[in-house]
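could you look at this predicted model? Sequence included:
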Amino acid sequence: MTTMLESYARVAGEDVVNHLYQLSLPLKGMRVVHVNSTRVGGGVAEILTKLVPLKRELGIQVRWEVITGEADFYTCTKSFHNGLQGTPVSISNTLLNAFEETNARNAEGLRPILEEADVVFIHDPQPVPLLRLCPNRKGKWIWRCHIDVSHPYRPVWKYLRNFVAEYDVSVFSLAAFSQSLPHAQYLIAPSIDPLSEKNIDLPETEVRLVCSRFGLDCDRPVMLQVSRFDRFKDPLGVIEAYRLAKTFVPALQLVLAGGGATDDPEGEAVLAEVQAAGADDPDIHILALPADAHRTINALQRAADIVLQKSLKEGFGLTVTEGMWKGKPVIGGDTGGIRLQVVNHHTGFLVNTPEGAALRIRYLLQHRDRLQEMGEKAKEFVRENFLLTRQLRENLALMLALNYGDEDRIELNTV
Ligand code: UDP
């Protein structure tokens, strides 16, 4: 057994890791390519950073390719993202041309790798035209959607569906996100890496040091939301909830920590709005962190009494999983992937308004035994359901199904 997987056995169990070895045997030597549009920032990059080396350790030849473009490309794909999550957006032909031309330009360099690959995972809409640009492809192509597409703005989905429909299969994080498509759709929830800098245990001294670096008083209650500065994460709603809760718990402090992703052009504007909204209160700490501040985020999650993720739409919400793994109850928006993780009243609370969030914050801070109990349940829930080893197992099973499954697979639902 190799070292990296051995260390996962200690957290997830020997059986889990042995199972991974068994599943990977028929896949050894297979050429797999993952393609997305950023190497840092956001959940997809976070997952690939670990999934890719682990697959390599299992003997699979994996590459992670990142497509890049100019400002118009990212403006267009951010509008796709907003549209897929239900916001009516208008996207000009100039932007759509930039989207298709950027993919064509990236395809020039990637075509030999992609056409030779046995399995290609295309993450989210940014690189979705690549399939069409690789006419001599040999392998199976998977569209892996990480976004909450439960109620997309129809014109955006109609445009993107043309590309997606040509894939062999799609993978969504939640059943509620599935779409009418002419191919099989699979369900794989994301996961966190318990051994990454973001999630490993930290000494109490380090947690306190990080708090003092940001002027936080560890002896007073802290509520925390970690997120890209994105309107769907509702940072202004979090500030409102904090203000309401503070009338009952005057010692309360709020930390909104986040950074940008290289493929997210709206971050700076949203950060400015959040800074303006929180400027009058020294107990509101708005931290714009560098992309590699994983250990700092880990420490902040450990320092927090309560973790919030008050998103209005959320594909999954790795920040929820990360908070729960640190034994914190999470108060999360009643939406998308948060519903998979926050079992209402057990691992946290689902809320729809700042008022609802404030009530739950107040309740937890005034009932410390419940806070502790819910935090412990949250951690176990993550151990059972949302560790990287589970996602890796499901990825391997999918690759097996695609390459060897025809004779054995029973189709329960063909759209
Ligand atoms: N993250 C980070 N730095 C930041 C903001 C977020 O490292 O400034 C990480 C966060 O810890 C999580 C991921 O980025 O691992 C965000 O994933 P999530 O699914 O919560 O949201 P997304 O950004 O994909 O919408």
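Ah, there it is.

quick one: what helix or strand has the closest residue in space to residue 346 that isn't next to it in sequence in it?
With Cβ to Cβ, 6 or more residues apart in numbering as the criterion, residue 346 has its nearest non-adjacent residue at 5.5 Å, and that residue is residue 377. Every C-beta, even on glycine, is put in place using the N, C-alpha and C of the backbone. Assigned by DSSP states H and E, residue 377 falls within helix 368-385.

then that helix to PDB, C-alphas only?
Extracted as PDB, the C-alpha positions of helix 368-385 are listed here (Å, rounded to 0.1, in the frame of the first residue of the first chain):
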ATOM      1  CA  ARG A 368     -23.900  25.600  24.400                       C
ATOM      2  CA  ASP A 369     -24.700  21.900  25.100                       C
ATOM      3  CA  ARG A 370     -26.800  21.800  22.000                       C
ATOM      4  CA  LEU A 371     -24.100  23.600  20.000                       C
ATOM      5  CA  GLN A 372     -21.600  21.000  21.100                       C
ATOM      6  CA  GLU A 373     -23.900  18.100  20.400                       C
ATOM      7  CA  MET A 374     -24.800  19.200  16.900                       C
ATOM      8  CA  GLY A 375     -21.200  19.900  16.100                       C
ATOM      9  CA  GLU A 376     -20.200  16.400  17.000                       C
ATOM     10  CA  LYS A 377     -23.000  14.900  14.900                       C
ATOM     11  CA  ALA A 378     -21.900  17.200  12.000                       C
ATOM     12  CA  LYS A 379     -18.400  15.800  12.100                       C
ATOM     13  CA  GLU A 380     -19.600  12.200  12.100                       C
ATOM     14  CA  PHE A 381     -22.000  12.900   9.300                       C
ATOM     15  CA  VAL A 382     -19.100  14.200   7.200                       C
ATOM     16  CA  ARG A 383     -16.900  11.200   8.100                       C
ATOM     17  CA  GLU A 384     -19.700   8.800   6.900                       C
ATOM     18  CA  ASN A 385     -20.700  10.700   3.700                       C
END
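
who's in contact with the residue nearest to residue 346?
By Cβ atoms under 8 Å, 6 or more residues apart in numbering, residue 377 lies in contact with 343, 346, 347.

try it again with 10 Å
324, 327, 329, 343, 346, 347, 348 (Cβ atoms under 10 Å, 6 or more residues apart in numbering).

so which of those residues is the closest to the ligand?
residue 324 (12.0 Å; Cβ to the nearest ligand atom).

ok, the closest residue to that closest one other than its chain neighbours - contacts?
If the residues on either side of it in the chain are set aside, residue 324 comes closest to residue 378, at 3.6 Å by Cβ to Cβ, 6+ apart. Taking Cβ under 10 Å, 6+ apart, we find residue 378 in contact with 307, 320-321, 323-330, 341-343, 346-348.
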